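> predicted model and sequence below, questions to follow.
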Amino acid sequence: MAKDAPPRWDRRMQQRLTRGEAAALGELYDRFAPLVHSQAHRMLDDEDAADLVTREVFGFIWENPGAYDPKRGSMRSWVAWLTHRRSVQRLRGTHGGDADDPATDLRDEPGSGTHAREQEQELEHLVRRATAAARADYIVASMPAPLRAALELAYVHRRDYRQTAADLGVTGEEARRRLRLGLQLLSTANTGPQAGSSPPGYGHTP
């Protein structure tokens with residue numbers, strides 16, 4: 001899987017946010033907002049809720065840049081983790097919980113136990129399914145561009161491997177190789193951490 005933004009960029013971004021540079025928040029938003037919104041939408045299946053989660057995540061980052069620890073993972077992974085936590089909190093809130101405090105869940109560290117398995121079986125199923133969707137989004141967004149392009153052509157635009165090869169300007173064998181590798185990466189979305197855990201990369205190894 002492609003590496004996230006270099007740690008130097010991550011640390012510098014955190015420093016700029018800590019100084020209160022609005023331009024830094026804008027740069028961070030431009031880089032990661034599509035990932036945040038897509039992940040939230042996949043988890044919540046609601047455009048308005050995804051918009052709200054996106055605003056909440058970047059609002060939290062603006063107010064709490066020190067919550068990011070570069071030693072635990074990349075900025076991209078942290079943003080994905082925040083999105084996952086907030087989306088899970090909102091998903092639980094829409095099924096009888098309380099989703100009015102966006103900061104509470106975002107301040108918790110991964111694996112802290114705040115999401116103890118106390119929810120009903122139906123809710124656990126929803127969270128597990130949403131987590132798999134979030135992991136798939138993260139994996140697709142993070143994989144090397146050639147693999148991502150091949151998957152998009154094959155599964156979004158419905159190209160067969162020969163058409164995919166022609167569109168990418170590669171051999172049929174190379175197109176099949178890229179599709180195979182991309183699908184292998186995507187397969188981990190359904191075999192990853194348990195429901196309620198974060199997308200890969202922040203605080204643990206997938």
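Nice, I can see it. Numbering: from 1, shown residues only.

> what residue spans form the domains of this structure?
7-142, 144-198 (automatic domain parsing).

> least confident secondary structure element in the protein?
Least confident helix or strand of the chain, by mean pLDDT, DSSP states H and E, is helix 102-107 with a mean of 51.

> now the domains of the chain in JSON lines, with mean neighbour count?
Using the backbone N, CA and C atoms, a C-beta is placed for each residue, glycine as well. Formatted as JSON lines, these follow (neighbours: other Cβ atoms under 10 Å):
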{"stretch": "domain 7-142", "mean neighbour count": "18"}
{"stretch": "domain 144-198", "mean neighbour count": "16"}
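
> which helix or strand contains the closest residue to R86 other than its chain neighbours?
In this structure, R86 finds its nearest non-sequential neighbour in V53, 5.2 Å apart by Cβ to Cβ, 6 or more residues apart in numbering. Using DSSP states H and E, V53 sits in helix 47-63.

> ok, then the element right after that helix?
Downstream of helix 47-63, the first helix or strand assigned by DSSP H and E is helix 75-93.

> elements contacting that following helix?
helix 7-18, helix 22-44, helix 47-63, helix 102-107, helix 121-142 (3 or more Cβ pairs under 8 Å, 6 or more residues apart in numbering; DSSP states H and E).

> and it, average pLDDT?
The average pLDDT for helix 75-93 rounds to 88.

> stretch 7-21 now?
Rounded mean pLDDT across stretch 7-21 is 91.

> using PDB, write out every CA atom in it.
Output in PDB follows, covering the C-alpha atoms of stretch 7-21 (Å, rounded to 0.1, in the frame of the first residue of the first chain):
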ATOM      1  CA  PRO A   7       6.200  12.400   8.500                       C
ATOM      2  CA  ARG A   8       8.000  15.700   7.900                       C
ATOM      3  CA  TRP A   9       4.900  17.100   6.300                       C
ATOM      4  CA  ASP A  10       2.700  15.700   9.100                       C
ATOM      5  CA  ARG A  11       4.800  17.300  11.800                       C
ATOM      6  CA  ARG A  12       5.000  20.600  10.000                       C
ATOM      7  CA  MET A  13       1.200  20.600   9.400                       C
ATOM      8  CA  GLN A  14       0.700  20.000  13.100                       C
ATOM      9  CA  GLN A  15       3.000  22.800  14.000                       C
ATOM     10  CA  ARG A  16       1.200  25.200  11.700                       C
ATOM     11  CA  LEU A  17      -2.200  24.200  13.100                       C
ATOM     12  CA  THR A  18      -0.900  24.700  16.600                       C
ATOM     13  CA  ARG A  19       0.200  28.200  15.600                       C
ATOM     14  CA  GLY A  20      -3.400  28.800  14.400                       C
ATOM     15  CA  GLU A  21      -2.600  29.100  10.700                       C
END
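
> residues touching that stretch, excluding its own?
4, 23-25, 27-28, 61-62, 65-66, 68, 70, 74-75 (Cβ atoms under 8 Å, 6 or more residues apart in numbering).

> with distance to H84 as added columns, please give the residues you listed in TSV.
What follows is the contacts of stretch 7-21, written out as TSV (distance: Cβ to Cβ, whole Å):
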residue	distance to H84
D4	16
A23	27
A24	23
L25	20
E27	22
L28	17
I61	14
W62	19
P65	19
G66	20
Y68	15
P70	19
S74	15
M75	15
